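Asks: Need the 3D shape of this:
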Amino acid sequence: GDYRLLERHERDGDQLVFTARHEPSSRVVTLVLLNTKRCKRLDVWTEIIRLATAANATTHPMLSRTWSLEQHGGSRFLVCEAVTGTSLAEELASLGPLPAARAGVLVSQLAEAVAEIHAKGAVHGWLSLDAMRREPPPGDVERTGRVRLLQFPLAGDPHRVPLRPWSNDDEMRKLGRQAAFVAPELLHPELACDRRADVYSIGAILYALLTGTPPCLEGDPEKTLRKAAFEGPRPLGPPQVSPELAALVAYLMERDPAKRYQDAGEAASAIATCFGLVRGAHPTIEPPPAGPPMQPSPSALVAGAVAARPTAVPEVLATPGPLSVGSEKSASPVASPSPMVHDLPVMRARRWRVVLLQVVGSG
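Replies: Just a heads-up that it's a prediction; the model follows:
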């Protein structure tokens, strides 16, 4: 379509990730090519639409931007901001822990960003130091670049329903150091990530930034997960950290999810109080750049529809908001889905549907 693929990036999961250039605007983006076979499952495709809508609507400057869900021919893909830089996992291994005050500011920003994801009705599910990027700093001064959090679909496999970091033993073994940030209740094979799992991950990130070592980290991911589930991390305390900060970390990382803060908003308030910060006041984070001006191009707005049965329209497609039902020949975004609902019998006859995800600016 309008994109020239420049470089492929190795990622776990069924998606393919590329650096690409949007030819009409010459803007460099990240393009996530979805697995066509898995997208034919109604539950998977509906969840992709829901999470893409939530990610598109977020505005926190720490979050990577998700601009559009598109289709060209038989390919379905998501277009996202190209976030560059070093993962905080690599930075921590190289430079060691952060001073408590700096760790508090950074994790406060992280909790605020995840709180917005929760407010949109979604869960991140893949939080770890590997999902956070330190952008190249001005003048190559260490640890002065802006930190960004990769969100859907860049942080993990976008096809995963229900949302879990792994679904079999092979995938668990591939977790590596990321296992240290996974909530221990997810060892239960029937449980999926929820807001409380994100809260645990926020606590694990804070623990790692304060100590220089991810919590419960063992040489094997399964051993790491079991240590978190049955022992928990080594308790923090003076002189390393204050009693108040040690209590905060312990509460964020409670092994029983019912005893944690119940969402990232509660966690953000507690973190801000502990460090004497004001919620939402983060002048050190600059707004990310705006996305490519893709609205004039129909192909930049069109997302493929479910071709497989059942043919009933998922409820998420009929609700007001950024997603609306339209046709592949639409020349511009549709402001409201209601005029198109009457065309659904015609669309069913064609055996396909298309959703439009309006491109929202990132500032």
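Asks: only C-alpha atoms for contact and neighbour calcs from this point on.
Replies: OK.
Asks: Go ahead and name everything in contact with stretch 247-259.
Replies: 183-185, 196-197, 199-204, 206-207, 228-229, 232, 235, 260-261, 267, 270-271, 274 (C-alpha atoms under 8 Å, 6 or more residues apart in numbering).
Asks: Go again with 6 Å.
Replies: 200, 203, 260 (C-alpha atoms under 6 Å, 6 or more residues apart in numbering).
Asks: The last one and Gly203: what is the separation?
Replies: What it means is Arg260. Going from Arg260 to Gly203 by C-alpha to C-alpha, to the nearest Å gives 10 Å.
Asks: okay, the two: which has more neighbours?
Replies: Neighbour count, other C-alpha atoms under 10 Å: between Arg260 and Gly203, Gly203 has more, with 25 against 20.
Asks: Check which helices and strands the host helix or strand of the more buried one sits against.
Replies: Following DSSP states H and E, one finds Gly203 within helix 195-211. Judged by 3 or more C-alpha pairs under 6 Å, 6 or more residues apart in numbering; DSSP states H and E, the packing partners of helix 195-211 are helix 243-252.
Asks: how about the strands in the stretch 201-350 of the chain?
Replies: Ranges of strands in the stretch 201-350 of the chain, per DSSP state E, counting those that start in this stretch, are 302-303, 323-326.
Asks: whoops, I mixed them up, the stretch 51-200 of the chain
Replies: Here the stretch 51-200 of the chain has its strands, by DSSP E, counting those that start in this stretch, at 66-72, 75-81, 86-87, 132-134, 147-149.
Asks: so how far is the shortest one from its chain's centroid?
Replies: Spelled out, that is strand 86-87. Chain-centre distance of strand 86-87: 16 Å, with C-alpha atoms, centre = their mean, to the nearest Å.
Asks: follow-up on the earlier one: select from the strands of the stretch 201-350 of the chain the stretch with the lowest mean pLDDT.
Replies: Note on the strands of the stretch 201-350 of the chain: lowest mean pLDDT is at strand 323-326, with a mean of 27.
Asks: quick revisit: what sits up against the helix holding Gly203?
Replies: Here helix 195-211 has contacts from 97-98, 123, 127, 181, 183, 214, 249, 252-253, 262-264, using C-alpha under 6 Å, 6+ apart.
Asks: From those residues, pick the one nearest Trp67.
Replies: Val123 (18.3 Å; C-alpha to C-alpha).
Asks: From Glu70, how far off is the closest one?
Replies: Taken as C-alpha to C-alpha, the span from Val123 to Glu70 is 22 Å.
Asks: Report the angle between the helix holding Gly203 and helix 243-252.
Replies: Helix 195-211 runs at 140 degrees relative to helix 243-252, counting by axes from the mean of the first three to the mean of the last three C-alpha atoms, to 10 degrees.
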